[in-house]
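J.: with the input below, show me the fold.
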Amino acid sequence: MFSVIADGPGRYRLEDGTGSKAGWIRGRSIGFHGLRSEAEAIVAASAGWRTLQSILRREYAAWPRQEVDWERLQFVHDGAHEWVSDGRIPLARVCRTPRGIARGRDGVSDGSGASIPLAVEFVVPSWMPTDAVVPLAHALWHVLAPLFGTRSAITALSIHHTATEETSHDYHHHHDHDAASARYRRLAPEHHP
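T.: Sure thing, here's the model as predicted:
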């Protein structure tokens, strides 16, 4: 289960099946938090970007195909935001969420030994109607939920087994985060939705 709750004009709070906050929609930006490492952020940005591109190509025939150099994905800063990018194409913004700092072996350290959870945010093209953003958030959730902790992975399993496969993706079946990240990176350069 995945809930979208109005949180002001053009703003929504995204919750997983347990009622925990999973992300947000702000205008045309869709974000998901709870990633525990930079590697997970890169995997989430890759999977989410591919899903978004696939949907855009299906809905808008003229949507251009972009070739990402999957081997070169890294964190880059454009002066205003941090992104996961291959140096040419920004896949998703990266947000470091200082709230809820917790100790963790996989997290990004803030220098004090504490772990800073990461979030990824996908920017929907400005010409898309605003009523398309919520369905896009649902499609992204179906693909990304396994990365967002054990509770969300269990929730994603129930979604996967009961929902239609509009955005089918091999990533739904992986639950071990480190193995899933490695497996997805191996498949990433070969997968073309």
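J.: as a check, name the ranges of all helices in this protein.
T.: Applying DSSP state H to the chain gives helices spanning 38-59, 133-144, 149-162, 177-187.
J.: can you list the weak-confidence ranges in this protein?
T.: 98-116, 149-193 (pLDDT under 70).
J.: let's see it at 50
T.: Residues of the chain meeting the criterion pLDDT under 50: 100-114, 150-193.
J.: I figured residue 94 hits residue 118, correct?
T.: Yes: if you go by C-beta atoms under 8 Å, residue 94 and residue 118 touch, sitting 6.2 Å apart. Using the backbone N, CA and C atoms, a C-beta is placed for each residue, glycine as well.
J.: shared neighbours, these two?
T.: residue 41 (C-beta atoms under 8 Å, 6 or more residues apart in numbering).
J.: and for residue 119, nearest residue in space, chain neighbours not counted?
T.: Among residues not flanking residue 119 along the chain, residue 33 sits closest, at 3.5 Å (C-beta to C-beta, 6 or more residues apart in numbering).
J.: which positions in stretch 37-51 come out as buried?
T.: Judged by neighbour count using 16 or more other C-beta atoms under 10 Å, the buried positions of stretch 37-51 are 37-51.
J.: repeat that for stretch 59-76.
T.: 68, 70, 73.
J.: I'd like these written out as JSON lines, with distance to residue 16 added.
T.: Listed next are the buried residues of stretch 59-76 as JSON lines, based on distance: C-beta to C-beta, whole Å:
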{"residue": "68", "distance to residue 16": "28"}
{"residue": "70", "distance to residue 16": "28"}
{"residue": "73", "distance to residue 16": "26"}
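J.: if we take these, which one ends up nearest to residue 84?
T.: residue 73 (6.0 Å; C-beta to C-beta).
J.: tell me the contacts of the closest one?
T.: Residue 73 touches 42, 45-46, 84-86, 91, counting by C-beta under 8 Å, 6+ apart.
J.: look up which residues are beta-bridged to residue 92.
T.: residue 84 (DSSP bridges).
J.: that one: how many residues sit nearby?
T.: Applying other C-beta atoms under 10 Å, we find 28 residues neighbouring residue 92.
J.: same check, this time on residue 126
T.: With other C-beta under 10 Å as criterion, residue 126 counts 7.
J.: look up how far residue 54 lies from it.
T.: Residue 126 sits 20 Å away from residue 54, going by C-beta to C-beta, to the nearest Å.
J.: please apply the same query to residue 43.
T.: 17 Å.
J.: ok, now residue 3?
T.: Relative to residue 54, and taking C-beta to C-beta, residue 3 is found at 24 Å.
J.: which of these two has more residues huddled nearby?
T.: More crowded of residue 3 and residue 54, by other C-beta under 10 Å: residue 54, with 18 against 12.
J.: contact partners for residue 137?
T.: 4, 12, 14, 23, 25, 30.
J.: and which of those residues is nearest to residue 130?
T.: residue 25 (9.6 Å).
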